[in-house]
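Next come a sequence and a model predicted from it.
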Amino acid sequence: MIYCAAADRQPEHGQREEIAIATIPLLQRGYANPELLADTDWLAAHPADPRVRIVDARAPQQYESSHIPGAVNLDGFGSDIPRAANADMADPQEFERIAGRVGIDNDMTVVVYDAPSQRMGMVAWTFLYYGHRDVRILDGGFDKWSAEGRPVSTDMPDYPRTTYVAKSVAEVYCSLADAKAGQGRSDFVFWDTRTPAEYEGTVSGFGGLPRMGRIPGAVHLEWTELLDPETKTLKPASELRQLLESRGITPDKEVASYCQGGARGALAAVVLRILGYDRARAYPGSFAQWSGQPDTPVER
């Protein structure tokens, strides 16, 4: 079933209720790589396009309640993100199975969304890591789409299974070995995207930690600072660069973004790529992996 969503009430007589969202147009925000984003107007102009696959990165129960028509569900916090036993990313063959199951092939434009939150970053970055050529995050996510009164659905699409070929891209990935090797390098910076309390080691995130604290020398900027609090869209490039550079996160350095389980850090890594940080990496094992090692230092 397809119907129209609105922020406060359902439109009458089947008409779409449009709510103005005051945002700076995507192409006017100064991003180096705006092709890693899609706006709601663009997505609405491609209904049922067989070469565009929409991916809802939320939890299955949220997806089942309502989603953008035609979207498939890959949970950014679940088993749809293939991991090795030590929490590094799994072999490409694991992702080939996942992408093929939901009918995605290598030549499709993949548009990922959630509320928005870090789940969309985890899924989008995973596609980047496994070599997908055209993956985009929906700017403003499901919140903006819904607030604009655009159609949503409860129908579950059933696309034919495809053959997907994945090839890992080392340049966007920080493994545990890479993270250990980055310690003490002047051209390497760890970006901790968690809450201040997690960074300071006074609380742990979901699921607990072997040791609380942070990777020594890591700088802090919470992932929520990347999004406009009202529109939920990505902040303009100049504002983001100012935030990042004030923490020492500069384009000349290799940046490994992390959180507790990988999702917040993955979103940060995608944003860095949007800004043109060519040496940006996500550390998906993140602090849960780091703090569980017998040979890694922790700072509080």
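It's in.

from here on, contacts and neighbour counts on C-alpha atoms
Will do.

now the helix or strand containing Gln289, how far from the chain's geometric center?
Gln289 is part of helix 286-290 when elements are defined by DSSP states H and E. What separates the centre of helix 286-290 from the centre of its chain is 18 Å, taken as CA atoms, centre = their mean, to the nearest Å.

same thing with stretch 248-262?
In this view, stretch 248-262 has its centroid 14 Å away from the chain centroid, taken as CA atoms, centre = their mean.

Kindly check the end-to-end length of it for me.
21 Å (CA to CA, to the nearest Å).

Tell me the buried residues in it?
Within stretch 248-262, the residues that count as buried by 16 or more other CA atoms under 10 Å are 248-251, 253-262.

Stretch 144-161 now?
Residues of stretch 144-161 classed as buried by neighbour count (16+ other CA under 10 Å): 144-156.

likewise stretch 109-124?
109-124.

what's in contact with that stretch?
38, 51-58, 74-77, 81, 134-138, 140-143, 232, 262-264, 266-268, 270 (CA atoms under 8 Å, 6 or more residues apart in numbering).

still on that earlier bit, so which of the buried residues of stretch 109-124 belong to strands?
109-113 (DSSP state E).

Poorly predicted segments of the stretch 201-300 of the chain, please.
Counting by pLDDT under 70, not a single residue of the stretch 201-300 of the chain qualifies.

Sketch out the strands for it, chain order is fine.
Along the stretch 201-300 of the chain, counting by DSSP state E, counting those that start in this stretch, strands occupy 219-220, 254-258, 280-282.

what about those strands, which gets the closest to Val165?
Val165 lies closest to strand 280-282 among the strands of the stretch 201-300 of the chain, at 21.7 Å (CA to CA).

How about residues contacting the closest one?
Contacts to strand 280-282, defined as CA under 8 Å, 6+ apart, come from residues 171-174, 254-258, 262, 265-266, 268-269, 272-273.

Between the two ends of stretch 151-166, how far is it?
Stretch 151-166: ends 32 Å apart by CA to CA.

what do you get for stretch 224-241?
Terminal residues of stretch 224-241 lie 15 Å apart, using CA to CA.

Okay, buried residues for that stretch please.
224, 226-227, 231-237, 240-241.

For those, which two are the farthest from each other?
Spanning the widest gap among the buried residues of stretch 224-241 are Thr231 and Arg241, at 19.2 Å by CA to CA.

returning to what we had before: so of the buried residues of stretch 224-241, which ones are in helices?
Among those, DSSP state H puts 237, 240-241 in helices.

about what we covered before: closest to Thr195 out of the buried residues of stretch 144-161?
Lys144 (24.3 Å).

Could I have the ChimeraX command that selects the buried members from the contacts of stretch 109-124?
Restricted to buried positions by 16+ other CA under 10 Å, the ChimeraX selection for the contacts of stretch 109-124 reads:
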select :38,52,53,54,55,56,57,58,74,75,76,77,81,134,135,136,137,138,140,141,142,143,232,262,263,264,266,267,268,270
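
Please enumerate the helices of the chain.
Under DSSP H, the chain gives helices at 40-44, 60-65, 92-101, 118-129, 141-147, 176-182, 196-200, 237-246, 263-275, 286-290.

Any chance you could list what contacts the second one?
Contact with helix 60-65 is made by 56, 73, 75, 154, 156, as judged by CA under 8 Å, 6+ apart.

for that helix, which positions count as buried?
So, applying 16+ other CA under 10 Å, buried residues of helix 60-65: Tyr63.

mean confidence score for it?
In this model, helix 60-65 has an average pLDDT of 97.

going forward can the numbers begin at 5, since that is how I track them
Noted, 5 is the first residue going forward, which turns the last one into helix 64-69.

what's the distance between it and the middle of its chain?
18 Å.

Dump the ones in helices among the buried residues of stretch 228-245 to CSV, plus distance to Arg198.
Below are these laid out as CSV (distance: CA to CA, whole Å):
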residue, distance to Arg198
Ala241, 21
Leu244, 17
Arg245, 19
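
Just give me the closest of these to Arg165.
Among these, Ala241 lies closest to Arg165 (CA to CA), at 38.3 Å.
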